[in-house]
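Visitor: The sequence isn't on hand, but the structure is:
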């Protein structure tokens, strides 16, 4: 797949498998790229462990995240202490060009708190807390051609 810009709808959940089934049925998504117990950097000296799944429906990417351990505060935002929940969490934006990513990153840093920023799996990402304005987080990310994102299934 050629490197491209696209948007992502991301959900956090307390039950990854159930959320995948529900979102799959709602949006006619049959296949997900599953990354159980994925460990990744969230900032200097901090890591999170989460179950992740990715799938495209047309040109929109869906992401489902279940926080498991470590520095998961940003992924637990909006989830209840007990019981099942699936909540819209962030609007993600992938950038194919470094200059576009850097420009948008600087604009967001001037406007919002940045609870997570790190390099991982050959790319870079950051979350911005836009909840007071939009009701959700924003994520900006950039990964090079040939990254794991090229394996995300399309429906």
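Guide: Here it is on my side, so go on. The structure presented is a predicted model; accordingly, all values stated were derived computationally and were not measured. Numbers count the residues shown, from 1 in each chain.
Visitor: give me phi/psi at residue 150?
Guide: With angles defined as degrees, to the nearest 10, residue 150 sits at phi -70, psi -10.
Visitor: Give the burial count for it, as a bare number.
Guide: Residues near residue 150, counting by other C-beta atoms under 10 Å, number 12. No exception for glycine: its C-beta is placed from N, CA and C like everyone else's.
Visitor: What of residue 114?
Guide: Residue 114 has 15 nearby residues by other C-beta under 10 Å.
Visitor: again, but for the one 3 residues further on
Guide: Neighbourhood size, residue 117 [other C-beta under 10 Å]: 17.
Visitor: Which residue is the nearest non-sequential neighbour of it?
Guide: Sequence neighbours aside, residue 126 is the residue nearest to residue 117 in space, at 4.0 Å (criterion: C-beta to C-beta, 6 or more residues apart in numbering).
Visitor: The one you found and residue 104, how far apart?
Guide: 10 Å (C-beta to C-beta, to the nearest Å).
Visitor: Residues that sit against both of those two, list them.
Guide: Residues touching both residue 126 and residue 104 (C-beta atoms under 8 Å, 6 or more residues apart in numbering): residue 140.
Visitor: Which one's more surrounded, these two?
Guide: Shown here are residue 126 and residue 104; by other C-beta under 10 Å, residue 126 has more neighbours (21 against 17).
Visitor: Which residue is the nearest non-sequential neighbour of residue 118?
Guide: That would be residue 41: by C-beta to C-beta, 6+ apart, it lies 3.9 Å from residue 118.
Visitor: Just checking: what are the partner strands of the helix or strand hosting that neighbour?
Guide: Assessed by DSSP states H and E, residue 41 sits inside strand 33-43. Here strand 33-43 is paired, per DSSP bridges, with strand 46-57 (antiparallel).
Visitor: after the partner strand, next one along is what?
Guide: strand 60-70.
Visitor: Can you tell me the closest non-neighbouring residue to residue 72?
Guide: residue 48 (4.9 Å).
Visitor: Pretty sure that neighbour sits against residue 65.
Guide: No: judged on C-beta atoms under 8 Å, residue 48 makes no contact with residue 65 at a distance of 9.4 Å.
Visitor: more crowded one of these two?
Guide: Neighbours of residue 48 and residue 65, each counted by other C-beta under 10 Å, are more numerous for residue 65; the result is 25 against 22.
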